[in-house]
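1. below is the sequence, then the predicted model.
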Amino acid sequence: MKGRRAWCIVSLLLAFVLGGLTVFAAFTAPARGTLVVDMDPEAENAARGLMEALVQGNLEAAGGYILGTPQFTVPDQSAQSAEGLLWQYYYDGLSYTLDGGLYPGTRGLSQEVTVTLPDLKALTERMGVLAPEILTERIQAADSMEEVYDDQGGYRQDVTESVILKAAKKAMEGPVETRQQTLTLGLCYVNGSWWVRPDQRLLDLLSGGLEKG
């Protein structure tokens, strides 16, 4: 029974992980046409400004470089939230390099970027190994089953949250595994300013870099 219940919490953990960090972007890019200006250094400043904001975890500032100035909703970064800890862990370990210079793209200019990011998938796999052990310890330490299970025989929400939080903290004590991702920032000139065009790969990066590939 305990083993089956342990797998339940692992499944919950994996669902939490595979969903990625919660980032909602209201992309409302204007439909107006764009104008390309020959290799304007301000275009590189827009690309660099976006990446600097991202490595600082400042998504409010990052939105100011993206066409349509989207607003982002991020997880609670409280130390009492596993999601918040993962968020902080991810952005604390994010770094980038601009590869080469600007070059003409299909709808403006383009800038290649190589991003080094913590491998959240590897981290949460460690959490998935640790969670059943922590859960078993919690069950064994309980004075009564009411401290662990709710009226329907499932885990109490506070128990689930505390197990996941403890698994996250413990997993983060290990070495940080990183991976690299290359993306192309598309830049366009609208209303006298350079903007980064939002695309799926940029959204993937914003939300934890958990896309396939």
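-> Perfect, thanks for sending it.
2. pLDDT of stretch 110-119, averaged?
-> Averaged over stretch 110-119, pLDDT sits at 94.
3. which residues are in contact with that stretch?
-> Applying C-beta atoms under 8 Å, 6 or more residues apart in numbering, the set of residues contacting stretch 110-119 from outside is 43-44, 47, 51, 89-90, 93-104, 176-187, 205, 209. Bear in mind the C-beta positions are built from the backbone N, C-alpha and C, glycine included.
4. which of those fall in helices?
-> With DSSP state H as the criterion, helices contain 43-44, 47, 51, 89-90, 205 from among the contacts of stretch 110-119.
5. most neighbours among those residues, which one?
-> The residue in the ones in helices among the contacts of stretch 110-119 with the most neighbours, by other C-beta atoms under 10 Å, is Ala43 (25 neighbours).
6. so who does it touch?
-> 37, 102, 109, 111, 187, 189, 194.
7. with Glu60 instead?
-> Contacts of Glu60 by C-beta under 8 Å, 6+ apart are Phe72.
8. what helix or strand is it located in?
-> Using DSSP states H and E, Glu60 sits in helix 59-63.
9. any stretches of the protein with poor pLDDT?
-> Scanning the chain for pLDDT under 70 picks out the ranges 1-39, 79, 209-213.
10. pull up the pairing partners for the following helix or strand past the helix holding Glu60, direction included.
-> Using DSSP H and E, the helix or strand that follows helix 59-63 in sequence is strand 72-73. The strands that strand 72-73 pairs with in its sheet are strand 24-25 (antiparallel) (by DSSP bridges).
11. and stretch 135-150, how far out from the chain middle?
-> Centroid separation for stretch 135-150 versus its chain: 32 Å, with C-alpha atoms, centre = their mean, to the nearest Å.
12. quick one on the thing from earlier: which of the contacts of stretch 110-119 are buried?
-> With burial judged by 16 or more other C-beta atoms under 10 Å, the buried subset of the contacts of stretch 110-119 is 43-44, 47, 51, 89-90, 93-94, 96, 102, 181, 183-187, 205, 209.
13. many thanks, I have nothing further to ask.
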